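Visitor: Got a predicted structure here, sequence first:
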Amino acid sequence: MSTTIFSHSMAEMTWVRISRLVYCRLETVKAALYDLFASVESWVLQKLFLVDVHGDRLHQQTLYEVIKEARAHM
């Protein structure tokens with residue numbers, strides 16, 4: 001589930017609900033995933049499997065974009 005809200009500067013931002021009480025900006029979610037991938041890369045793993053159980057389109061699209069960008073840079 002996601003929602004669009006207005007920040008104090010009135011700029012539109014997309015927020016992702018990551019739990020019942022916690023919302024997070026998409027940029028923050030992406031940054032956390034990039035950090036995770038960078039850490040895992042240092043382990044010299046051959047394959048990494050991610051399982052998405054969110055079920056909503058925004059989470060799926062965000063994860064896809066991060067994976068695609070990570071593959072290009074790692």
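Guide: Looks like it arrived, so ask away.
Visitor: so where's this structure shaky on pLDDT?
Guide: Scanning the chain for pLDDT under 70 picks out 1-21.
Visitor: quick one: the helices in it?
Guide: All helices of the chain, identified by DSSP state H, fall at 26-41, 57-73.
Visitor: What spatial separation is found between the nearest residue to residue 30 once chain neighbours are set aside and residue 50?
Guide: Nearest non-adjacent residue to residue 30, counting by C-beta to C-beta, 6 or more residues apart in numbering: residue 66, 5.4 Å away. Bear in mind the C-beta positions are built from the backbone N, C-alpha and C, glycine included. As for residue 66, its distance to residue 50 is 9 Å (criterion: C-beta to C-beta, to the nearest Å).
Visitor: what about the two, which has more around it?
Guide: residue 66 (19 against 10; other C-beta atoms under 10 Å).
Visitor: State the distance from residue 59 to residue 73.
Guide: Residue 59 is 22 Å from residue 73, where distance means C-beta to C-beta.
Visitor: neighbour count winner among those two?
Guide: Per other C-beta under 10 Å, whichever of residue 59 and residue 73 has more neighbours is residue 59, with 19 against 9.
Visitor: can you pull the contacts of the residue nearest to residue 30?
Guide: Residue 66 makes contacts with 30, 33, 34, 37, as judged by C-beta atoms under 8 Å, 6 or more residues apart in numbering.
Visitor: mind putting those residues in JSON lines, neighbour count and distance to residue 55 included?
Guide: Putting the contacts of residue 66 into JSON lines (neighbours: other C-beta atoms under 10 Å; distance: C-beta to C-beta, whole Å) gives the following:
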{"residue": "30", "neighbour count": "16", "distance to residue 55": "19"}
{"residue": "33", "neighbour count": "18", "distance to residue 55": "18"}
{"residue": "34", "neighbour count": "15", "distance to residue 55": "23"}
{"residue": "37", "neighbour count": "18", "distance to residue 55": "22"}
